[in-house]
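1. kindly generate the corresponding structure for this input.
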Amino acid sequence: MNRRKAIKSVVMGTAAAAAVTPGARAAGKDLEIFRQRWEKAKTFTLQVADAMPADGYDFKPRPEMRKYGELLQHLATNNAFYISRFKGDFPDSMKPPKESDKETTKKYLAASFDYCAGVLKDVTEEDLDKSYPGRPNAPPQTGWDWVLHAFIHTAHHRGYSEVYLREKNIVPPRYSV
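-> This next block holds a predicted model:
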């Protein structure tokens, strides 16, 4: 399945879920699918992270851009931020490391995906339908909004990181998960 079809299926599935009353949904099916997709996102993101050689983690295509390692850490930090909404606050353990080398960044990425998966395993359909505080000066959003923010944010920055790879003449891993 190509990326456009994958994103379309997530969007269409979410729209369909929103059109059905919460009581009429197959109990937990949407959430189960999301959890499975989250694990696939972890696998693919780590493949993309692994594609860049260690000496490329300081690479910036342009001066105003983040280094490759910083970009991947940004992805990890924000996913933990979005999913931590279900816990009430952002955990100290998910603060980004000071170093952005390959080994440190890959460990942090994996820890972030695992943290999110751990939170998501305890989330219920009711939790997803509840409202949670938004960003500063922004309205509250539902749990579904927050999990979709995380999923879309991952796809966005993972795709962005593939541009870095191509700038270094590295063919990114093929989406196959």
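2. which residues in the protein form helices?
-> Under the criterion DSSP state H, the chain carries helices at the ranges 3-19, 29-51, 68-83, 102-121, 125-129, 143-167.
3. relative to residue 94, which of those is closest?
-> Residue 94 sits nearest to helix 68-83 of all those, at 3.9 Å, using CB to CB. Where you see a C-beta, it was placed from the backbone N, CA and C, and this is true even at glycine.
4. which helices and strands sit right next to that closest one?
-> helix 29-51, helix 102-121, helix 143-167 (3 or more CB pairs under 8 Å, 6 or more residues apart in numbering; DSSP states H and E).
5. and the most centrally placed residue in the chain, what is it in contact with?
-> By CA atoms, centre = their mean, the chain has its centre lying nearest to residue 154, at 3.4 Å. Neighbouring residues of residue 154 by CB atoms under 8 Å, 6 or more residues apart in numbering: 41, 45, 75, 79.
6. that older thread, out of the helices of the chain, deepest packed?
-> With neighbours taken as mean count of other CB atoms under 10 Å, the helices of the chain reach their highest mean count in helix 68-83, at a mean of 23.
7. where are the low-confidence patches of this protein?
-> The model of the chain has pLDDT under 70 over residues 1-28.
8. mind doing that once more with 80?
-> Applying pLDDT under 80 to the chain flags residues 1-29, 135, 177.
9. ok, back up a step: what's the closest of the helices and strands packed on helix 68-83 to residue 63?
-> helix 143-167 (13.5 Å).
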